[in-house]
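J.: Next comes the sequence, and after it the predicted model I'd like to discuss.
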There are 2 protein chains.
Amino acid sequence: MTYNALSPSSDSGESRRLIDFRRSPETYRHWKLRFAGEVAELAMDVDENAGLFEGYQLKLNSYDLGVDIELADALQRLRFEHPEVKVVILKSAKDKVFCAGANIRMLAGATHSHKVNFCKFTNETRNGMEDSSEFSGQKFLCAIRGTAAGGGYELALACDRIILADDGASTVSLPEIPLLAVLPGTGGLTRVTDKRKVRRDRADAFCTIEEGVKGQRAVEWRLVDQSVPNSKFDAALAEAARQLAATSDRPPDAKGIALGPLQRTITKNAVTYSTVKVEIDRAGRGATILILGPTNPPPAAVEAIHAQGADFYPLRLSCELDDAILHLRLNELEIGTLVFKSQGDPAQVMAYDALLAANSSNWLVREILNNWKRVLKRIDVTSRSLVTLIEPGSCFAGTLAEIIFACDRAFMFSGRMKGDNRPEAAVTLSLLNFGPYPMSNGLTRLATRFLGEPESVPKAKTTVGQPLDGSDAANLGLVSEAYDEVDWDDEVRIFTEERASFSADGLTGLEANLRFAGPETMETKIFGRLTAWQNWIFQRPNAVGAAGALKRYGTGVKADFNPERG
Amino acid sequence: MTYNALSPSSDSGESRRLIDFRRSPETYRHWKLRFAGEVAELAMDVDENAGLFEGYQLKLNSYDLGVDIELADALQRLRFEHPEVKVVILKSAKDKVFCAGANIRMLAGATHSHKVNFCKFTNETRNGMEDSSEFSGQKFLCAIRGTAAGGGYELALACDRIILADDGASTVSLPEIPLLAVLPGTGGLTRVTDKRKVRRDRADAFCTIEEGVKGQRAVEWRLVDQSVPNSKFDAALAEAARQLAATSDRPPDAKGIALGPLQRTITKNAVTYSTVKVEIDRAGRGATILILGPTNPPPAAVEAIHAQGADFYPLRLSCELDDAILHLRLNELEIGTLVFKSQGDPAQVMAYDALLAANSSNWLVREILNNWKRVLKRIDVTSRSLVTLIEPGSCFAGTLAEIIFACDRAFMFSGRMKGDNRPEAAVTLSLLNFGPYPMSNGLTRLATRFLGEPESVPKAKTTVGQPLDGSDAANLGLVSEAYDEVDWDDEVRIFTEERASFSADGLTGLEANLRFAGPETMETKIFGRLTAWQNWIFQRPNAVGAAGALKRYGTGVKADFNPERG
């Protein structure tokens, strides 16, 4: 596939065509947003000629990554720009089809890594809808008229409530197995079993019925919540929206903040934002993500956060960091190790954390904390080796210290460097390390880290606000190793060189297993069990071979399957 | 690889060389069992020239499936033949090496499906050790002198307690990533994070240190429980055995039962046991597993169960069914659908269930119930489509009805067939469907089935002992569909033909996701997350390609890795 000329143009100064995750509603090609008080309508209306790559048309509201990037943008704006919206009605702007799911020709032509990264992003976006429903009071109501197939039904599954038109033609289906020999991998199987709690034999039947299920049977099988004739459809939708709105605690009279365009400069080996600088070491297959601490102290009162809006440091940083991670995931496939560093005044980071903690019931502060939670989760499931280097002059405090705990390893500089007058390296915990940023397993990163020594969590909590030097941080188990000037350079070099020498796939599998100790949730199941099986199937000739189902789809020739099980 | 002439000879009448899971201690090539009162010693002493296939030598106590089949046999005999054994000390009979893990040349030469089936069986065997520890009072103490690498350390991880010699040379390691570019896939990663609860960054370091960890560091990192100098090793072992024995409730004076050789006849398209008949339909890629009900009523008292021993119907059936499943898994790779049927008197099955339920505190009855639990779990994780057909004259009652709930679908014949004087098809629940056979997710199959309608579990329980006809069973949600004579043949044919038309890999992934709704445990993580990632890696050129790490291991030439992540 070649990158489509219709996709958003890349930044000047680039030598390659990049996938850009920045969008704004004025340029949406695939979605329509309408607002009416506490209810918003998000209508899918895919422009079939505006695929992200060339070589396919996005017919029947089928989607590719570009469609999903717009969806993610719309959801983010609903959260921040529209505090008044309590219910989002997800619908189709096309007749007869709700959504046909991921575009098959796109999938058939995509590289393995693009398929995997595409699925990961779409999963994160749908998990984000559930996160907003649970933690931001923004509920999702899905109105299905026409067919909701595969990824189309998976999008519905991410909503709080699904209403299906009872018109003899509207259906929900997961036809991946009969048609394509792949899984409904955007959470479909997991949400069928664990969210909708469909009985196993019905789930099995449902996933093998190409034409799907409609009407009362879809209700009886728990696949949708209501099946409603066309004549009563709008009334049922309005009533369901009223009911969902009643469960929301979003503020009726608040004013949203505008998410301005995110500014960045991309050159061959660097991506520069206002608070994040990414430097790429192609020979070493690593990228350093330097986080710049706040340059100003936080405002005194919550009103000023609203006034600063998207420029408010913690929000700006989380958005820029998110964009940097996505950029590296999709555009820098051979960069295997992400090295997090920071630079700034830890006391100022702590002051911002204190402001957030003190105002966590304010709707905007809640959104900022939820955004950090999602960005940190995005780091957790990034298939790259993650390491934090805590150096003199760094500001790994509170929210920024959470990055340490999201990493596979963290090395800390102990003592002072000769001739260096930057402040000694320190780790400082804040209250935000003990609650608002749970991992997808439902535990905080510190609770997960200390599963084998739970007493270490309250012990760490007693240090909140105290800058911890290398030896203290190592003794408390907060960093992997602390090295002094004599060993630092060698140890860091050995780690990064060694990491680059390992198999990329081996590391991906290793990290996916080691990062999520403890309880499992629907989210960990989606990124563990479901995604891992889908990745396996994406390697199997029955799906992706020349005679496989993905390649043969639409040709009129049946796929040729190797019947061997195992 | 060709099947090794040294492996156990196959049954007469076979046209192919089959992998045979039946063993007896007199013919062990790889293990030595010694008994001393409440403690048994199980010493690994692999005969390097007795691999299951040709083309490799089992050096340094490395293992292949044949070694593990003997281990599984030894564990089964410890359970049934040695009720007096409270602690099993797992050790090596070789100097300087505990166990080098799965044999690399075997892995490098094996087909994808053999690797997958090999890992599944070894996982089941290790899960069985933990099951015996938790539910049979048989504890495992691992004594490591020398190196315990990869699968060697994973075997240790399945034990309750690990003692490592502190001699400067004895180490534990998971060197798969640095050496082979695959995962420690026999539960290693999951047990490191969730059983030993090793801190994540230490786990990450441990899994990338080729030479492993020894001495006090291994204790500090929670990788082993004790590190003991050679001079004190035997005393520490004896003391640990005493402590573990004190936690066991196995009966000191009971007499075990002998597990005689399991009799079967194999012909081209059939495997016949005393209580199980397997018929293979090669064209349709299906196998029918017909379970024969008991021909005699159960004995009146528990003593008679001991007297009947391995011939006692429920035990005999579970062992024969287990062998049949393993045979189909390893020797019939293209048989994609297993169709369970039964034939016999449900009242007699219920009478056996009643006897078991009334005597569940007896050690032997407990072992029989635990064996059924493990066999049913073996069915759950079998990567074949599973369907039960409940026909006139069948005996799906109690324990046998549990097979219905282990299947992806169950179809029931409703009413009578013209000219057929067999009793009408019935499903009968017993108390054993409501407790002693939990799935790996910790819930009963009925609780898992009714996750979305929990009230259906107590409702089903009110019917215990009542034969339910097709319409009752369907209304209670116990079967997928009930069909009468008019539809039966067509519906069954359509299902089996349709199933055979789907991609084998797609179905494997689908079933692995749909079968395990609800909570996750270490066991579900091993078969879900860990296994799925390993299967993916087993497809990736970095591991299995001509220049991959598995193929290049031992050649002196470094593997050539594609650095792309995704």
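T.: Right, received. Where do you want to start?
J.: Tell me which residues touch the spatially most central residue of chain A, please.
T.: Residue closest to the average C-alpha location in chain A (Cα atoms, centre = their mean): A:Glu124, at 3.3 Å. A:Glu124 is in contact with A:72, A:374, A:377-378, A:381, counting by Cβ atoms under 8 Å, 6 or more residues apart in numbering or on different chains. Every residue, glycine included, has its C-beta placed from N, CA and C.
J.: Of these, grab the buried ones for PyMOL.
T.: In PyMOL, this line selects whichever of the contacts of A:Glu124 come out buried by 16 or more other Cβ atoms under 10 Å in any protein chain shown:
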select buried, chain A and resi 72+374+377+378+381
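J.: Which members of the contacts of A:Glu124 are positioned in helices?
T.: Using DSSP state H, the subset of the contacts of A:Glu124 located in helices is A:72, A:374, A:377-378.
J.: got a list of what A:Val278 touches?
T.: Contact analysis of A:Val278 by Cβ under 8 Å, 6+ apart lists A:270-272, A:287-290, A:324, A:327-328.
J.: same thing with A:Cys99?
T.: A:44, A:60-63, A:92, A:148-149, A:151-152, A:155.
J.: By neighbours, which of those residues wins?
T.: Most neighbours among the contacts of A:Cys99, by other Cβ atoms under 10 Å in any protein chain shown: A:Ala148, with 31 neighbours.
J.: Show me what the helix or strand harbouring it is packed against.
T.: Element membership for A:Ala148 (DSSP states H and E) is strand A:147-149. Counting contacts by 3 or more Cβ pairs under 8 Å, 6 or more residues apart in numbering or on different chains; DSSP states H and E, strand A:147-149 packs against strand A:97-99, strand A:171-173.
J.: Save those as JSON lines, and put in mean pLDDT too.
T.: Output for the helices and strands packed on strand A:147-149, formatted as JSON lines (pLDDT from 0 to 100):
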{"stretch": "strand A:97-99", "mean pLDDT": "98"}
{"stretch": "strand A:171-173", "mean pLDDT": "98"}
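J.: Counting neighbours, which bits of the host helix or strand of the residue nearest to the centre of chain A end up buried?
T.: Assigned by DSSP H and E, A:Glu124 belongs to helix A:112-135. Residues of helix A:112-135 classed as buried by neighbour count (16+ other Cβ under 10 Å): A:113-133.
J.: so the next helix or strand along the chain from that helix versus helix A:112-135, what angle?
T.: Downstream of helix A:112-135, the next assigned helix or strand under DSSP H and E is strand A:139-144. Relative orientation of strand A:139-144 versus helix A:112-135 (axes from the mean of the first three to the mean of the last three Cα atoms, to 10 degrees): 120 degrees.
J.: on contacts alone, who are the packing partners of the helix or strand containing A:Asp234?
T.: According to DSSP H and E, A:Asp234 maps onto helix A:230-246. The contact analysis (3+ Cβ pairs under 8 Å, 6+ apart) places helix A:230-246 against strand A:87-92, strand A:139-144, strand A:161-165, strand A:226-228.
J.: Which residues does the second one contact?
T.: Same thing as strand A:139-144. For strand A:139-144, the external contacting residues (Cβ under 8 Å, 6+ apart) are A:86-92, A:98, A:129, A:132-133, A:155-156, A:158-165, A:170, A:172, A:224, A:233, A:237, A:240-241, A:244-245, A:247-248.
J.: what's the spacing between stretch A:106-118 and its chain's center?
T.: Averaging C-alpha positions (Cα atoms, centre = their mean, to the nearest Å) puts stretch A:106-118 17 Å from its chain's average.
J.: Repeat that for stretch A:427-446.
T.: 18 Å.
J.: How about stretch A:221-229?
T.: Its chain's C-alpha centre and that of stretch A:221-229 lie 29 Å apart, by Cα atoms, centre = their mean.
J.: Pull it out as CSV, backbone CA atoms only.
T.: Taking Å, rounded to 0.1, in the frame of the first residue of the first chain, the C-alpha atoms of stretch A:221-229 are listed here in CSV:
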residue,chain,number,x,y,z
TRP,A,221,-29.1,-13.6,23.1
ARG,A,222,-28.0,-10.4,25.0
LEU,A,223,-26.3,-9.0,21.8
VAL,A,224,-28.3,-5.8,21.9
ASP,A,225,-30.5,-4.2,24.6
GLN,A,226,-33.6,-3.4,22.5
SER,A,227,-35.0,-4.2,19.2
VAL,A,228,-37.4,-1.5,18.1
PRO,A,229,-39.6,-1.1,15.0
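J.: Report whether it contacts chain B.
T.: Yes. Between stretch A:221-229 and chain B, judged by Cβ under 8 Å from any Cβ of the partner chain, the touching residues are A:Arg222.
J.: Kindly report the same for stretch A:505-521.
T.: Yes. On the criterion Cβ under 8 Å from any Cβ, stretch A:505-521 is in touch with chain B at A:505-520.
J.: ok, now stretch A:335-348?
T.: Yes. Using Cβ under 8 Å from any Cβ, stretch A:335-348 reaches chain B at A:335-336.
J.: Can you give me the end-to-end span of that stretch?
T.: End-to-end distance for stretch A:335-348, by Cα to Cα, to the nearest Å: 32 Å.
J.: got the buried residues for that stretch?
T.: Buried residues in stretch A:335-348, counted by 16+ other Cβ under 10 Å: A:335-342, A:344-346, A:348.
J.: Ok, stretch A:464-481 next?
T.: Residues of stretch A:464-481 classed as buried by neighbour count (16+ other Cβ under 10 Å): A:464, A:467-470, A:472-474, A:476-481.
J.: cool, and stretch A:293-309?
T.: Of the residues in stretch A:293-309, A:293-294, A:298-299, A:302, A:305-306, A:308-309 count as buried by neighbour count, 16+ other Cβ under 10 Å.
J.: What of stretch A:503-514?
T.: Residues of stretch A:503-514 classed as buried: A:503-514 (neighbour count, 16+ other Cβ under 10 Å).
J.: which secondary structure element contains the closest residue to A:Asn127 other than its chain neighbours?
T.: Nearest residue to A:Asn127, sequence neighbours excluded (Cβ to Cβ, 6 or more residues apart in numbering or on different chains): A:Glu523, at 5.6 Å. Secondary structure from DSSP H and E places A:Glu523 in helix A:522-525.
J.: May I have that helix as PDB, with CA atoms only?
T.: Extracted in PDB, the C-alpha atoms of helix A:522-525 (Å, rounded to 0.1, in the frame of the first residue of the first chain):
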ATOM      1  CA  MET A 522     -11.800  -7.000  30.100                       C
ATOM      2  CA  GLU A 523      -9.100  -4.600  29.000                       C
ATOM      3  CA  THR A 524      -6.200  -6.900  29.900                       C
ATOM      4  CA  LYS A 525      -8.000  -9.800  28.200                       C
END
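J.: Was I right to think A:Leu317 contacts A:Ile289?
T.: No. Applying Cβ atoms under 8 Å, one finds A:Leu317 not in contact with A:Ile289, separated by 11.4 Å.
J.: and for the two, which residues touch both?
T.: Counting by Cβ under 8 Å, 6+ apart, the common neighbours of A:Leu317 and A:Ile289 are A:Val276.
J.: Might you report the residue contacts of whichever residue of the stretch 401-550 of chain A sits closest to chain B?
T.: Closest residue of the stretch 401-550 of chain A to chain B, Cβ to the nearest Cβ: A:Gly452 (3.0 Å). Residues in contact with A:Gly452 (Cβ under 8 Å, 6+ apart) are B:196-199, B:222.
J.: That one in helix, strand or coil?
T.: Secondary structure assignment for A:Gly452 (DSSP: H, G, I helix; E, B strand; the rest coil): coil.
J.: Now A:Thr265: closest residue in space that isn't a chain neighbour?
T.: Distances taken as Cβ to Cβ, 6+ apart place A:Thr272 nearest to A:Thr265, at 4.7 Å, with adjacent residues excluded.
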